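Participant: What follows is a protein structure lacking sequence information:
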């Protein structure tokens, strides 16, 4: 035993615990727990927050066993491509077993954060009744519940501080869930129901807001009219994050004047979103708060024309996070570049999802932003076209990208100026941005790009590929080069068995691999599953129901494969169309 | 050419399972011989990669638009109103020709400065805010989304409208 180790062993547990208290990131805590058995032991009893990136990597019992003092759990379910309808309904990702297990073991759960999971009303009811100290529920891109489940949460969680529903598919039962918050509930800090489709009891809403003095964040849905918004703002001028409902009103009316005045009084608002139905002529009401805004999301407001957007942006000099639609145009992005010098994150979404858009943005807008916004580090950009020259310029202007996601509306469009693949452009990005952790590529791309990615993208953790590459070499470059790769998702690309099987151990260092419409065959997947027992290799087979695994030819290409490392073995809740090999 | 996208894999076909041909391995067009890339309208599942929540919200909004944009058309002096679907027209001249035809009148040339000067009749519309506006001032798409009702006014009355706009 070395001197250091022996000294460490004599440190009382309380001291170690106290030191570990300062470690908030789960990466650090995970690292600490690997140092030695004694540290593992101290760490596991003191850890209160646990993050599980794949709910099937581990089972609830193991979680509870290792972390009995668990108070906050974050769980992610379906693979990312489920967002784009590539994963059929019924695939899985149920939260119920987790809630049930924690309830049975007497875990003192206070916070639950779920992403892409199936949440039933039953689970919400169990959650609401099992944990007396429950304070915070955050559901992102989940489904399976109705407003009845929300009513259960509202009625039973006495100490509820946060109910945050982001982009979930919720069935509206026309109940009065909002009225279920008892008069005694005064602890709300954050309430977000923007994704709900149905009406809420606005009188109950106003009363709720009035009795929660700590309310900082409120995001309304599209059924809440401007009159009610105005009254709420009068009662809650301390809000720092506001999501409006509709924003259409006659700008000459009295309500509008009252709204303007109420807005002026809300000096703490730093984050603004909503405008789910908007009359552009009403926007001047928000100009007074624009000057101190740091976050603005207008991506659900297609009704704002480019010139109105531009006028609005001119007031937003402190913006750090901006989500907009491509109706802003290249010209509008030029205005953003000149005005928003603090910009860190930009997302430009497509407004025309079903046709060929004329208002889409091009490489010009992206270049302008890169030149004007020195702090830019995260971008999601849907565009009509792109060029290598533009990407090379962007790479030079912005070496600080952490996240870079570019999506050309035509998935295999070449360089608009030279007709060449976009390899050089994206290559410049990975070479210049040494801290890049997330990358999505699109456009005409060959194996050359993947060579660049393997060579330069040393910090890359997540990579999304679609309709790209020429051969197995492409995928191999990535698997061999990107040492920190955690999530790889590939669709419609010519990568096959050779690439899949070349380094099977690699997948145990990653969270997951998704491959759909590629060249991998059933046989290769079976080989992989056999050789790597700590991976679940799942095939999603959407063909005729009842098709037997045994009757499927090993030479057949697999339409959808999802594999992930796991300590829990093959999952027991897989539907018929998911085969675990 | 969509063959390289291998859309057969997602195609619904009659046939015994396992009887499919294995598709060609050459998925990617080489840079030299790529044909015109398929128009984005070719229904590729999950492209562009926009969250289905976002897509369904947008769809809900455009569904209102998809169902036709019928607006009432009144004409000063006429005994009853008509209704037209403005989505059927691809621009102002198309719309005005149709109105001239429907009401058997002439509307004349639009100019920014003088509206429909010299015409017997001039087209006006009521917008989302309830204001009476001269047809032709704003881009066609903007007109389509803000027009609630059309009114064909007598030329003399409309002249006041035109000069009031400026």
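Facilitator: Sure thing, it's come through. Since the model is a prediction, treat every value here as computed from it, not as a measurement. Residues are numbered from 1 along each chain as shown, chains lettered A, B, ... in the order given.

Participant: can you give me the strands in the stretch 251-400 of chain A?
Facilitator: Using DSSP state E, counting those that start in this stretch, the strands found in the stretch 251-400 of chain A span residues A:271-273, A:277-278, A:295-297, A:321-325, A:345-349, A:378-383.

Participant: Output these in CSV, with mean neighbour count, distance to chain B and mean pLDDT appended to each entry.
Facilitator: To be clear about C-beta, it is placed using only N, CA and C from the backbone, and glycine gets the same treatment. Shown next, in CSV, are the strands of the stretch 251-400 of chain A (neighbours: other CB atoms under 10 Å in any protein chain shown; distance: least, CB to the nearest CB, whole Å; pLDDT from 0 to 100):
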stretch, mean neighbour count, distance to chain B, mean pLDDT
strand A:271-273, 21, 13, 97
strand A:277-278, 20, 8, 81
strand A:295-297, 20, 12, 97
strand A:321-325, 22, 9, 96
strand A:345-349, 22, 7, 97
strand A:378-383, 22, 6, 97
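
Participant: Centre of the chain to stretch A:245-263, how far?
Facilitator: Relative to the chain's own centre, stretch A:245-263 is displaced by 33 Å; criterion: CA atoms, centre = their mean, to the nearest Å.

Participant: how far away is residue A:319 from residue A:389?
Facilitator: Between residue A:319 and residue A:389 the computed distance is 28 Å (CB to CB, to the nearest Å).

Participant: Have a look at the two and say which one is more surrounded.
Facilitator: Set residue A:319 next to residue A:389 and count neighbours by other CB atoms under 10 Å in any protein chain shown: residue A:319 wins out with 24 against 17.

Participant: Would you check that the more buried one makes contact with residue A:340?
Facilitator: Yes. Residue A:319 sits in contact with residue A:340 when judged by CB atoms under 8 Å, with a separation of 4.6 Å.

Participant: tell me, what's touching these two both at once?
Facilitator: Common neighbours of residue A:319 and residue A:340 (criterion: CB atoms under 8 Å, 6 or more residues apart in numbering or on different chains): residue A:313.

Participant: if we can go back for a sec, dump the strands of the stretch 251-400 of chain A to a markdown table, plus distance to residue A:467.
Facilitator: Shown next, in a markdown table, are the strands of the stretch 251-400 of chain A (distance: least, CB to CB, whole Å):
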| stretch | distance to residue A:467 |
| --- | --- |
| strand A:271-273 | 32 |
| strand A:277-278 | 35 |
| strand A:295-297 | 29 |
| strand A:321-325 | 24 |
| strand A:345-349 | 20 |
| strand A:378-383 | 15 |
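
Participant: These: which one's closest to residue B:120?
Facilitator: Minimum separation from residue B:120 across the strands of the stretch 251-400 of chain A (CB to CB) falls at strand A:277-278, 38.4 Å.

Participant: count of neighbours near the residue of chain B found nearest chain A?
Facilitator: Nearest to chain A in chain B, going by CB to the nearest CB, is residue B:46, at a distance of 3.4 Å. Residues lying near residue B:46 (other CB under 10 Å) number 18.

Participant: can you confirm it is in a helix?
Facilitator: No. Counting by DSSP: H, G, I helix; E, B strand; the rest coil, one finds residue B:46 to be coil, located in no helix.

Participant: Touching, it and residue A:86? I think so.
Facilitator: Yes. Contact criterion CB under 8 Å: residue B:46 and residue A:86 qualify, at 5.1 Å.

Participant: for the stretch 151-300 of chain A, what spans make up the helices?
Facilitator: Listed in chain order, the helices of the stretch 151-300 of chain A (DSSP state H, counting those that start in this stretch) span A:202-211, A:226-235, A:254-264, A:287-290.

Participant: In the third one, which residues are buried?
Facilitator: I take that to be helix A:254-264. For helix A:254-264, burial by neighbour count (16 or more other CB atoms under 10 Å in any protein chain shown) applies to A:255-256, A:258-260, A:262-263.

Participant: Now do that helix: everything it contacts.
Facilitator: Helix A:254-264 has contacts (CB under 8 Å, 6+ apart) with A:226-227, A:229-230, A:233-234, A:237, A:249-250, A:282, A:284-286, A:288-289.

Participant: redo that, cut-off 10 Å
Facilitator: Contact with helix A:254-264 is made by A:225-237, A:242, A:244, A:247, A:249-251, A:253, A:269, A:279, A:281-282, A:284-290, as judged by CB atoms under 10 Å, 6 or more residues apart in numbering or on different chains.

Participant: Which members of the residues you listed additionally contact chain B?
Facilitator: A:249-251, A:253, A:279, A:281-282 (CB under 10 Å from any CB of the partner chain).

Participant: so who does the residue nearest to the residue of chain B closest to chain A when sequence neighbours are not counted touch?
Facilitator: The shortest distance from residue B:46 to any residue other than its chain neighbours is 3.4 Å, reached at residue A:84 (CB to CB, 6 or more residues apart in numbering or on different chains). By CB under 10 Å, 6+ apart, the contact list for residue A:84 reads A:466, A:491, B:45-52, B:55.

Participant: Give me the pLDDT for residue A:84.
Facilitator: pLDDT, residue A:84: 95.

Participant: same question, the one 5 residues further on
Facilitator: What the model reports for residue A:89 is a pLDDT of 93.

Participant: Can you classify it by secondary structure?
Facilitator: What three-state DSSP gives for residue A:89 is coil.

Participant: number of nearby residues for it?
Facilitator: With other CB under 10 Å as criterion, residue A:89 counts 10.

Participant: residues touching it, list them.
Facilitator: Taking CB under 10 Å, 6+ apart as the test, what residue A:89 contacts is A:82, A:118, A:143-144, A:575.

Participant: Out of the residues you listed, which two sit at the greatest distance?
Facilitator: A:143 and A:575 (15.0 Å).

Participant: higher neighbour count, those two?
Facilitator: Applying other CB under 10 Å to residue A:143 and residue A:575 shows that residue A:143 carries more neighbours, namely 20 against 11.

Participant: So the one residue in the stretch 351-500 of chain A that gets nearest to chain B versus residue A:520, what's the distance?
Facilitator: Closest residue of the stretch 351-500 of chain A to chain B, CB to the nearest CB: residue A:494 (4.1 Å). With distances taken as CB to CB, residue A:494 is found 10 Å from residue A:520.
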